[in-house]
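In: Test case, fold it:
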Amino acid sequence: MEFPPCPPSLKQIQHFLKIAQEHDTRDIVVAYWSRLYALQVGLKLTTQQPEETKLLLAIMDWLESMKKDHSDNESITNEVCAQAHMENYALKLFLYADKQDREGNFGKNVVKAFYSSGVIYDVLQTFGELSEEALHNRKYAKWKAAYIHNCLKNGETPVSGPMNEENEDGENENNETPTMSPQEEPSNDSNEATGGDDSNEAAAGDDSNENPETEESEPPNAEVILNNPDILPSPPVEEEKPGGFEPFVPPTTPHPVYTPITPVANIQITPEQMITAQKYCKYAGSALNYDDVKTAIENLQKALKLLTTGQDD
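Out: Okay, the predicted model is just below:
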């Protein structure tokens with residue numbers, strides 16, 4: 001489906017539309033929730049101008065069509081499944097980019113993977129407030145995308161891993177989205193991320209009316225990189241599960257030793273509590289995908305406590 005042009009007044013939703021476009025044929029779940037989030041943000045920004053209404057209505061029609069066509073896909077029809085899918089995808093991109101960065105591989109696909117991960121963490125706000133880990137990953141991913149891109153642009157060699165400068169240029173608290181010219185977009189002929197041309201071609205998004213052109217004569221700064229959907233190449237199709245990533249650990253006290261739960265007799269579980277328990281189970285499954293046994297156990301314990309006592313931590 002070809003969408004109407006995105007007017008300048010809705011420029012903040014362009015990067016979500018770009019991510020959606022890139023995933024239309026690769027991951028319909030990512031495409032669906034990215035456009036839904038773009039719609040939610042757009043409805044808050046709109047001033048009821050005809051070009052705004054035209055685009056937003058087109059997105060609504062597309063969402064309705066996809067929901068009907070994929071009615072058997074729980075990651076589209078069920079928010080709990082959708083959240084788990086999107087969290088897995090964002091984390092997978094983040095881990096891939098972090099591994100490549102720490103190994104000194106600073107190709108354009110690494111920049112795009114960091115950038116896309118940060119945008120998808122934005123989309124996850126559809127399901128509520130982000131966890132502390134997600135907030136950390138989003139901030140770090142956006143900063144790294146800007147930092148590596150600027151180094152490559154200036155002919156400098158990036159430094160692997162985190163740096164003190166992480167908090168300076170890499171965070172746009174309001175997630176505002178100034179645009180810049182698609183002429184700045186790097187080519188997608190690099191194979192360092194996946195080792196093949198086909199995957200890069202599949203990952204690359206073509207020119208879209210969702211992203212209007214604007215003029216930019218000077219090299220972009222970090223803020224522009226963070227908020228520009230066109231300047232970066234597409235992420236690899238088959239992101240590997242890397243090793244060696246040092247996950248973010250919140251500065252909290254150690255988790256207490258588990259003590260057996262005493263079930264409450266004749267407890268009545270509400271639908272809301274049932275959904276919350278399902279979410280904990282989904283989180284546990286997501287953690288096991290990355291061998292995080294501790295987090296999986298904690299979430300399963302939360303689900304068990306909620307179902308047997310009606311109490312949530």
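In: With just CA atoms, put the longest helix along the chain into PDB.
Out: The longest helix of the chain (DSSP state H) is helix 79-102. Output of helix 79-102 as PDB, limited to C-alpha atoms (Å, rounded to 0.1, in the frame of the first residue of the first chain):
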ATOM      1  CA  GLU A  79      -1.200  -7.100  23.400                       C
ATOM      2  CA  VAL A  80       0.600  -9.500  25.800                       C
ATOM      3  CA  CYS A  81       2.000 -11.600  22.900                       C
ATOM      4  CA  ALA A  82       2.700  -8.400  20.900                       C
ATOM      5  CA  GLN A  83       4.700  -6.900  23.700                       C
ATOM      6  CA  ALA A  84       6.800 -10.000  24.100                       C
ATOM      7  CA  HIS A  85       7.400 -10.100  20.300                       C
ATOM      8  CA  MET A  86       8.500  -6.500  20.100                       C
ATOM      9  CA  GLU A  87      10.700  -6.700  23.200                       C
ATOM     10  CA  ASN A  88      12.400  -9.800  21.800                       C
ATOM     11  CA  TYR A  89      13.000  -8.100  18.500                       C
ATOM     12  CA  ALA A  90      14.300  -4.800  20.000                       C
ATOM     13  CA  LEU A  91      16.600  -6.700  22.300                       C
ATOM     14  CA  LYS A  92      17.800  -9.000  19.500                       C
ATOM     15  CA  LEU A  93      18.800  -6.000  17.400                       C
ATOM     16  CA  PHE A  94      20.400  -4.300  20.400                       C
ATOM     17  CA  LEU A  95      22.500  -7.400  21.300                       C
ATOM     18  CA  TYR A  96      23.600  -7.900  17.700                       C
ATOM     19  CA  ALA A  97      24.700  -4.300  17.500                       C
ATOM     20  CA  ASP A  98      26.400  -4.300  20.900                       C
ATOM     21  CA  LYS A  99      28.400  -7.500  20.000                       C
ATOM     22  CA  GLN A 100      29.600  -6.100  16.700                       C
ATOM     23  CA  ASP A 101      30.500  -2.800  18.400                       C
ATOM     24  CA  ARG A 102      32.500  -4.500  21.200                       C
END
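In: residues of it that come out buried?
Out: For helix 79-102, a neighbour-count test (16 or more other C-beta atoms under 10 Å) marks 79-101 as buried. Placement of C-beta: from N, CA and C, glycine included.
In: and if you look at stretch 272-292?
Out: 273, 276-277, 279-284, 286-287, 290.
In: same question, stretch 56-75
Out: Buried, per 16+ other C-beta under 10 Å, within stretch 56-75: 56, 58-59, 62-63, 66, 73, 75.
In: And the helices in this protein, which stretches?
Out: Going by DSSP H, the chain shows helices at 14-23, 28-45, 50-69, 74-77, 79-102, 108-123, 132-153, 166-169, 197-203, 222-227, 271-289, 293-309.
In: Quick one: closest of these to Met1.
Out: Evaluated over the helices of the chain, closeness to Met1 peaks at helix 50-69, with 5.6 Å, by C-beta to C-beta.
In: The closest one - contacts with which helices or strands?
Out: Helix 50-69 is packed against helix 28-45, helix 74-77, with contacts defined by 3 or more C-beta pairs under 8 Å, 6 or more residues apart in numbering; DSSP states H and E.
In: Please render those as TSV that adds distance to Thr295 and mean pLDDT to the earlier fields.
Out: Output for the helices and strands packed on helix 50-69, formatted as TSV (distance: least, C-beta to C-beta, whole Å; pLDDT from 0 to 100):
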stretch	distance to Thr295	mean pLDDT
helix 28-45	22	96
helix 74-77	21	94
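In: low pLDDT regions in the stretch 201-313 of the chain?
Out: Counting by pLDDT under 70, the stretch 201-313 of the chain contains low-confidence residues at 201-266, 287, 289-291, 313.
In: picking up where we left off before, quick one: which of the buried residues of stretch 56-75 is nearest to Ala303?
Out: The closest of those, once distances to Ala303 are taken by C-beta to C-beta, is Ser75, at 19.7 Å.
In: Val41 versus the closest one, what's the distance?
Out: Look at Ser75 and Val41: by C-beta to C-beta, to the nearest Å, they are 21 Å apart.
In: same thing with Lys139?
Out: Between Lys139 and Val41 the computed distance is 19 Å (C-beta to C-beta).
In: How about Lys282?
Out: If you go by C-beta to C-beta, the gap between Lys282 and Val41 works out to 25 Å.
In: try Asp292
Out: According to C-beta to C-beta, Asp292 stands 31 Å off from Val41.
In: Same check on Asp122?
Out: 9 Å.
In: which residues do those two both contact?
Out: Phe16 (C-beta atoms under 8 Å, 6 or more residues apart in numbering).
In: Per-residue pLDDT of Ala97, please?
Out: Per-residue confidence (pLDDT) for Ala97: 95.
In: In contact with it, which residues are there?
Out: By C-beta under 8 Å, 6+ apart, Ala97 lies in contact with 110, 113-114, 117, 141, 144.
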